[in-house]
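Structure for this input, please:
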Amino acid sequence: MTTLTLAKALNEGMRKAMEDDSKVLVMGEDVGKLGGVFRVTDGLQKDFGEERVIDTPLAESGIIGTAVGLALRGYRPVCEIQFDGFVFPAADQIITQLAKMPLRSLGTLRLPVVVRIPCGGGIGAVEHHSESPEAYFTHTAGLRVVACSNPADAYTMIQQAIRCDDPVIFFEPKRRYWEKAEVDTSTQEGWHPFDRARVVRPGADVTLLAYGPMVKTCLEAATAAEEDGRSLEVVDLRSLNPLDTPTVVESVRRTGRCIVVHEAPVFGGFGAELAARITEECFYSLEAPVLRVGGPSTPYPPSRLEEHYLPDLDRVLEAVDRAFAF
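The predicted structure is shown next:
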């Protein structure tokens with residue numbers, strides 16, 4: 001076991017993928033000499049050269065468009081979008097080309113492209129640097145959408161995403177980049193499938209569904225609720241599309257209550273899809289409506305106000321109280 005930050009775990013995962021397959025490339029703004037603004041790609045260009053770790057112009061559409069061409073020629077590009085709010089200039093390439101070309105070609109063309117997106121708030125950044133755009137991409141058929149929440153998953157999931165023959169949108173919780181945990185880098189045995197959820201804390205009274213940066217918040221809420229005699233089960237979804245519905249349904253049928261937690265605005269957010277599916281599958285097991293905790297329907301605020309915008313332990317526990325009140 002090795003103690004790694006989430007950022008370093010991603011770095012080590014990409015390094016291992018590049019060692020195993022010479023067709024794996026890393027590309028993006030400042031990913032080479034600088035090592036990325038969060039230093040996630042630090043040292044990769046020095047070790048693998050400028051032909052495999054490519055500093056691109058500040059043009060997200062160009063990054064993804066180039067990656068599509070490289071993938072068609074047999075490469076496996078890993079594209080870094082420097083901040084979540086910068087992905088929208090690339091949306092045309094992602095939605096109209098990357099997601100659709102395999103089906104358009106009746107499966108004869110594969111596009112094994114990974115688009116890494118640091119997501120979410122909590123770092124005191126300015127506008128366009130703290131977005132949660134996952135719902136745009138989960139709504140786009142043809143894309144896999146995954147989100148890591150801890151260093152161990154970061155290490156394994158980035159390698160699984162790179163090996164996948166489908167295009168993968170890979171969300172990384174930027175405010176968790178510096179958090180440390182034990183990571184087993186010595187073996188690939190026992191890796192959890194990257195399209196499956198994981199119950200990270202068993203419980204009996206309420207199911208908390210979360211992904212990315214909110215998993216740790218939900219774990220803290222579960223610890224706090226234990227003092228009041230309430231047993232909260234925390235499920236890390238990990239894969240948003242495809243969604244591991246059986247794991248979610250099994251948990252909610254046992255607990256009878258469900259709260260979905262994400263940073264993105266509640267209105268039209270990914271939690272709405274979860275709530276709808278749970279209502280369809282677990283209606284007769286529910287003791288209360290499925291509740292959602294998320295951001296308000298406003299643009300992300302200035303950094304001095306973000307603590308009022310982001311869901312925290314108190315807001316999760318308030319939702320737990322509401323679930324028990326029915």
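
C-alpha from now on. contacts and neighbour counts both.
Fine.

What residues of stretch 94-104 count as buried?
Within stretch 94-104, the residues scored as buried using 16 or more other Cα atoms under 10 Å are Ile94, Ile95, Gln97, Leu98, Ala99, Lys100, Met101, Pro102.

quick one: pLDDT of Val78?
Val78 is assigned a predicted lDDT (pLDDT) of 98.

just to revisit the earlier point, so which of the buried residues of stretch 94-104 sit within helices?
Among these, DSSP state H puts Met101, Pro102 in helices.

Extract the CA atoms of the longest strand belonging to the chain and return them as CSV.
Across the chain, the strand with the greatest residue count (assigned by DSSP state E) is strand 258-265. Output of strand 258-265 as CSV, limited to C-alpha atoms (Å, rounded to 0.1, in the frame of the first residue of the first chain):
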residue,chain,number,x,y,z
CYS,A,258,-33.4,8.0,-0.1
ILE,A,259,-31.6,11.3,-0.3
VAL,A,260,-29.7,12.3,-3.4
VAL,A,261,-26.8,14.8,-2.9
HIS,A,262,-24.9,16.7,-5.6
GLU,A,263,-23.3,20.1,-6.0
ALA,A,264,-25.1,20.9,-9.2
PRO,A,265,-28.4,22.9,-9.1
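
packing partners for that strand?
Applying 3 or more Cα pairs under 8 Å, 6 or more residues apart in numbering; DSSP states H and E, we find strand 258-265 packed against strand 206-210, helix 214-226, helix 270-282, strand 291-295, helix 313-325.

Ok, which of the ones you listed comes nearest Asn150?
Nearest to Asn150, of all those, is helix 214-226, at 8.7 Å by Cα to Cα.

Report the inter-axis angle for the closest one versus helix 313-325.
Put simply, helix 214-226 runs at 60 degrees to helix 313-325, going by axes from the mean of the first three to the mean of the last three Cα atoms, to 10 degrees.

which strands and helices sit next to helix 214-226?
Judged by 3+ Cα pairs under 8 Å, 6+ apart, the packing partners of helix 214-226 are strand 232-236, strand 258-265, helix 313-325.

and the angle from it to strand 291-295?
130 degrees.

Tell me who's in contact with the residue nearest to Gln82 when sequence neighbours are not counted.
Leaving aside its sequence neighbours, Gln82 sits nearest to Glu29 (Cα to Cα, 6 or more residues apart in numbering; 6.5 Å). By Cα atoms under 8 Å, 6 or more residues apart in numbering, the residues touching Glu29 are Gly36, Asp55, Thr56, Pro57, Leu58, Glu80, Ile81, Gln82.

among the residues you listed, which are in helices?
Counting by DSSP H, no part of these is found in helices.

Fine by me, thanks again.
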